[in-house]
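Trainee: turn this into a structure:
(chains A, B, C and D)
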There are 4 protein chains.
Amino acid sequence: MKVGFIGVGGMGSGMARRLVGAGHDVAVFNRTRAKALAFADAGAKVADTIAALARHADVVVTMLAHDAALADVVGRDGGLVQSLAKGAIHIAMGTHGVGVIADVKARHAAAGQILIAAPVLGRPDKAAAGELGIVPAGPGEAVARCRPLFSAMGQRIFEAGPDPVAAAAIKVTNNFVLGCAIEAIGEAFALVRKYGVDPHLMQEVMTEGLFGAPAYKVYGKIIADGAYDPPGQKAILGLKDANLALAAGEAVGVPLPSGNVWRDRLIGAVAHGDGERDWAVMALEQARASGLEPT
Amino acid sequence: MKVGFIGVGGMGSGMARRLVGAGHDVAVFNRTRAKALAFADAGAKVADTIAALARHADVVVTMLAHDAALADVVGRDGGLVQSLAKGAIHIAMGTHGVGVIADVKARHAAAGQILIAAPVLGRPDKAAAGELGIVPAGPGEAVARCRPLFSAMGQRIFEAGPDPVAAAAIKVTNNFVLGCAIEAIGEAFALVRKYGVDPHLMQEVMTEGLFGAPAYKVYGKIIADGAYDPPGQKAILGLKDANLALAAGEAVGVPLPSGNVWRDRLIGAVAHGDGERDWAVMALEQARASGLEPT
Amino acid sequence: MKVGFIGVGGMGSGMARRLVGAGHDVAVFNRTRAKALAFADAGAKVADTIAALARHADVVVTMLAHDAALADVVGRDGGLVQSLAKGAIHIAMGTHGVGVIADVKARHAAAGQILIAAPVLGRPDKAAAGELGIVPAGPGEAVARCRPLFSAMGQRIFEAGPDPVAAAAIKVTNNFVLGCAIEAIGEAFALVRKYGVDPHLMQEVMTEGLFGAPAYKVYGKIIADGAYDPPGQKAILGLKDANLALAAGEAVGVPLPSGNVWRDRLIGAVAHGDGERDWAVMALEQARASGLEPT
Amino acid sequence: MKVGFIGVGGMGSGMARRLVGAGHDVAVFNRTRAKALAFADAGAKVADTIAALARHADVVVTMLAHDAALADVVGRDGGLVQSLAKGAIHIAMGTHGVGVIADVKARHAAAGQILIAAPVLGRPDKAAAGELGIVPAGPGEAVARCRPLFSAMGQRIFEAGPDPVAAAAIKVTNNFVLGCAIEAIGEAFALVRKYGVDPHLMQEVMTEGLFGAPAYKVYGKIIADGAYDPPGQKAILGLKDANLALAAGEAVGVPLPSGNVWRDRLIGAVAHGDGERDWAVMALEQARASGLEPT
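Mentor: Numbering: from 1, shown residues only, chains lettered A, B, ... in the order given. This is a model prediction of the structure:
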């Protein structure tokens, strides 16, 4: 398949290489051109413009960090709406809000193009290994055509129906569950510390039984160790995720009180200068609120 | 070792049988005497009173459902404080608040007796199989003497230092983390349902990756299925657990905003008549708050 | 009328003097006897025991600071239940939780005595001037008999029906509304301070229009001035009030999310060492949570 | 002074008439032209376009309901930035977010124009009577020049310094305090209703003392009466205000937990179909959450 790939950062580069490796005819565009050039050796073309990339592709994948970047790539002069052929497919694989996905879907539809949202689960190492989880949603025939691409990039594919907005909602919600879990760990560890308990012990008890899963193992350890630098995900980006979840809730009439707690802790963390550290600094903020010294 | 065992309900009966099976000299007392009599065949003695049980035991284990029951068994006329010998050990293995444990510890100390708090992790099937997690805390020498008992009942022992209050805090906190997780699942499923997503799909996505642990597998399924009856743990007991956590926080100056959300959903669930159903009815209450029909 | 008065602290002394001044035959009891003795000059008798006071009274007023003190005065050996005649009336005028009032009501009923709860609105200066608001609730005939007492102590009487628990609920709820208002002012002032606005200006804008009432004038000024010492009401007592409100809610199935916020800020304030300062330190705690220096 | 006035709805029409009445040379523009035409009789000019209005004015007042409307009037082709003379003043008197005010300020500054933000306190009757509170902020000399206009429209002027963003923050915050108060009343009334208390009685108790101010008198009555129709302010607009406050907080690092409660109740109210009713439907939503029938 002729595939254009926009956005070869930490996640996107691994994903794009998997497509090349699976034999697809891949062209790459990146805002920072140097990152795209690295793909020349890997057997991919490097496009000078989005328009050039889009005109030669059946399918364009975007893997972008922000809603604004997605809106821009789609709607700008020379962007995807102007440049993709009728019937072409845009697969948006970044984590995006339900609002921008609904908007991009409408713009493509008006131009006779098709949007699939296919957010991913997993970190860069999984992306490089083709072991991501992928949640595609879009018109059935289009999703079917793209299955070879999903198979090249992911290990488990969770098809989520015909509306790309649903896939965005699932991803935003999965992040929500994670944010709430980290916040709860932060509260929990502050609580036991006041009773003289080493948080590492609490971490062991917690993950031994009910919570023996990566969310608790990874973030429990970061918090027990106080290892917020370098960040996996920065607090300011976690705050963006919290806002995406709350906005998704407001749009359909769902109050998310746990999400408010999550957001407030991140706002407080940023106010205390921890915005560039790992978003598990929610736990630091909870410690402050409890009159505890940071671990 | 000569062991008295008070409270042979769903959890306690499995634990007591493990002690008998390990060759200890066990006497059993239960408020509902019929449950105790069942142990005669198993090779245990049946005590008529707490005093009789206590006078012949080096160690008394209590496995009681409520703080009030514990306070009563310890402090009543003919209770443990009056009946245990100096130097005897009381192991409180139920889930109790930090306040009652601190109080019981002081009463035993005044009588020259020793309290170990050793709350457990796991459901009745694990208790029967001797595969519980156990979190003992109390004076080191006493905990050391009781290790054979813990080994008979549990698979993993997390020793939590010399103060029994710390063990109570750990258990209360573990329940707190669970309550917050269930609440988050409830909010999450309400959110995706409004975007047309089957909660079973959300459940799959969630537990595939970050949340592949019993807390999410068990409760995600209950909520997706709407299977709140019969209850594993009743909502009114979940509310008790929430109050234990919040009281533990207040006592040491730890605000627990996620705990408030947990407690409020349970209060609302009880107000809507769901108090006797599984405490995952938090999710039903979240659905109501979102204007959704119950699943 | 022959009136016994128990508890002549800051509020009670003014109230008792008003009863003496209105010509009632008043006997006084106070745990700290010196405070009671001061009433000898004022024309009141001083009782040595609660029993002595109760045996000679048609009506006993209690004005006590804590639920535990009320329960003790009523239930102890020689307390009101034992000492009051059948048909005698106990008017509980302190701020008490719904639970203890329900309990005291039942104990009096079992002894053929009558409980009126009649919590008051106003500070000690209003008590001394007989200008309190009073919210009596109890059996109609009993309330009617006590009207002369209420008129001596208060300016506005809000009769709240036959059940004393209703009056307790009203008072607890009024405190709840106040606690939430103070918390909101604290959040508001932290917010405008970050935009370079002097909180005194915000205070002026706020009280000019919609909020021109004592709650906002008094507490807005305390917070804008940072004048938390000496306290009007201490933070630790404010926390008690928050717990009374939340317990009243739980008992009847009413989640109070604003009350949670109120309680959490007070827990945090206590954790930061502000427990003995004015309960408006909620605003200090909010400032801390926002990374602001205290005013 | 030559004044252009954009936006003569419920509030703006009263304000503009006050300016005409004070002898200023007023031209009016309104999106719905019929409303502007009504001003011809009152002695004002009617402008056909914003550009025409702006070119002949020293000062243009906008009184617009939404941030988007303000951004459009300022930034569109033929809008204020393009049409105002250098040194001309734009007074934005609507309730706007801190973000749009910062943005509009920058756009005017780049064009050599001056922005004053001067949000108002009071309802349409106050506007018609020239009895508004006004909170102007902007460059000192410009504010001084506009004082005659503020005096014509308002009774109390609260000058808030040189930065228009500060005035926006004050107004948004005042709304925040109101929203939190209404939410607290809603929670309070649900609580006492469960104890058999008529909310009208609670309303009387509350406003007699600490809360004898319009916020509590007006909204307490609406809630006790269940009189949500026709709306003073619609729930969906209240939700906009809540979002403005929370966004103002996030922008400067201030968590607003009471604001979250406010927002969540409005989201729930909208989800239950009450979006077009008075925003005091927060109390209805609280009643639902408590398992109460609507009043």
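Trainee: host element of residue A:57?
Mentor: Secondary structure assignment for residue A:57, by DSSP states H and E: no helix or strand.
Trainee: now the strands for the stretch 101-250 of chain A?
Mentor: Applying DSSP state E, counting those that start in this stretch to the stretch 101-250 of chain A gives strands spanning A:114-117, A:120-121, A:132-134, A:154-157.
Trainee: can you tell which of the ones you listed is closest to residue C:247?
Mentor: For the strands of the stretch 101-250 of chain A, proximity to residue C:247 was assessed by Cβ to Cβ; strand A:120-121 is nearest, at 42.7 Å. In this view, the C-beta of every residue, glycine as well, is placed from N, C-alpha and C.
Trainee: what packs against the closest one?
Mentor: In terms of contacts (3 or more Cβ pairs under 8 Å, 6 or more residues apart in numbering or on different chains; DSSP states H and E), strand A:120-121 is packed against strand A:132-134.
Trainee: how about the strand it packs on and chain B, touching?
Mentor: Yes. Against chain B, strand A:132-134 shows contacts by Cβ under 8 Å from any Cβ of the partner chain at residue A:133.
Trainee: pull the residues that contact that strand.
Mentor: With contact meaning Cβ atoms under 8 Å, 6 or more residues apart in numbering or on different chains, strand A:132-134 is reached by A:15, A:93, A:118-122, A:126, A:150, A:153-158, B:205, B:208-209.
Trainee: quick one: the closest residue to chain D within the stretch 51-200 of chain A from residue D:270, how far?
Mentor: When scored by Cβ to the nearest Cβ, the stretch 51-200 of chain A has residue A:183 as its residue closest to chain D, at 12.5 Å. Distance, residue A:183 to residue D:270, by Cβ to Cβ, to the nearest Å: 26 Å.
Trainee: quick one: which of these two has more around it?
Mentor: residue A:183 (29 against 24; other Cβ atoms under 10 Å in any protein chain shown).
Trainee: so the more buried one is in contact with residue A:282, correct?
Mentor: Yes. With contacts counted by Cβ atoms under 8 Å, residue A:183 reaches residue A:282, the gap being 5.2 Å.
Trainee: shared neighbours of those two, anything?
Mentor: Contacts common to residue A:183 and residue A:282, judged by Cβ under 8 Å, 6+ apart, are A:262, A:265.
Trainee: can you say which of the strands of the stretch 101-250 of chain A is packed in most?
Mentor: Highest mean neighbour count among the strands of the stretch 101-250 of chain A (mean count of other Cβ atoms under 10 Å in any protein chain shown): strand A:114-117, with a mean of 27.
Trainee: packing partners for that strand?
Mentor: strand A:89-92, helix A:98-110, helix A:140-153, helix A:164-194.
Trainee: what about the closest residue to residue A:112 other than its chain neighbours, helix or strand, and which?
Mentor: Among residues not flanking residue A:112 along the chain, residue A:86 sits closest, at 3.8 Å (Cβ to Cβ, 6 or more residues apart in numbering or on different chains). According to DSSP H and E, residue A:86 maps onto no helix or strand at all.
Trainee: residues near residue A:86, how many?
Mentor: 8.
Trainee: please apply the same query to residue A:164.
Mentor: When neighbours are counted by other Cβ under 10 Å, residue A:164 registers 31.
Trainee: kindly report the domain assignment for chain A.
Mentor: The record's domain split for chain A, according to automatic domain parsing, is A:2-161, A:168-289.
Trainee: pick the most deeply packed of those.
Mentor: domain A:168-289 (a mean of 24).
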